[in-house]
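**Q** This is the structure alone, sequence omitted:
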């Protein structure tokens, strides 16, 4: 029997706090935005974030942000654009509560990437990463400073892409 190939792009999502937004005291970071933008956008991106997102997109992946923060979609898009990155999708706390949790009595996980057809989610929280298989997505846990984090994520994405037969 022949294998079928999915025609849609595989989606990779990233949490913001402690994953892409990190403290310069504990992680290597991208240079801060120039004045006056740095006064408005105070978060610091983990070193290599723009390069990794652009590389994933060049490899054919959609790249999303999936965060439990209440930052607005406009704020998140604007910050990443200033670093030369165009995100394919954003799920923030407002969108998650409206589209995933809704008015269900049962409390669902803080993040449910499979609801948005996300195959790989990168997060720092072990509870999210541990529950991934139960909820139909794969996770990569990233929190500490790691100079090889970009390559590890690309490698993990490529493994999933091949296994799930994405184009």
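**A** On my side now, so go ahead. Given the structure is predicted, the values throughout are model-derived calculations rather than measurements.

**Q** element containing residue 108?
**A** Taking DSSP states H and E as the definition, one finds residue 108 inside no helix or strand.

**Q** ditto for residue 119
**A** Taking DSSP H and E as the criterion, residue 119 maps to strand 118-123.

**Q** Also residue 162?
**A** helix 149-163.

**Q** residue boundaries of the strands in the chain?
**A** Counting by DSSP state E, the chain has these strands, from start to end: 11-14, 62-66, 89-91, 118-123, 138-141.

**Q** Each with direction, which strands does the first one pair with?
**A** Meaning strand 11-14. Applying DSSP bridges to the sheet, strand 11-14 is found paired with strand 62-66 (parallel), strand 118-123 (parallel).

**Q** For the ones you listed, give me TSV that also has mean neighbour count and distance to residue 18.
**A** Just so you know, the C-beta spots here come from the backbone N, C-alpha and C atoms, and that holds for glycine as well. TSV is the format used below for those (neighbours: other C-beta atoms under 10 Å; distance: least, C-beta to C-beta, whole Å):
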stretch	mean neighbour count	distance to residue 18
strand 62-66	23	13
strand 118-123	24	9
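
**Q** was I right about residue 109 contacting residue 128?
**A** Yes: taking contacts as C-beta atoms under 8 Å, residue 109 lies within contact range of residue 128: 7.0 Å.

**Q** Have a look at the two and say which one is more surrounded.
**A** In this view residue 109 and residue 128 are compared by other C-beta atoms under 10 Å, and residue 128 has more residues nearby, 23 against 17.
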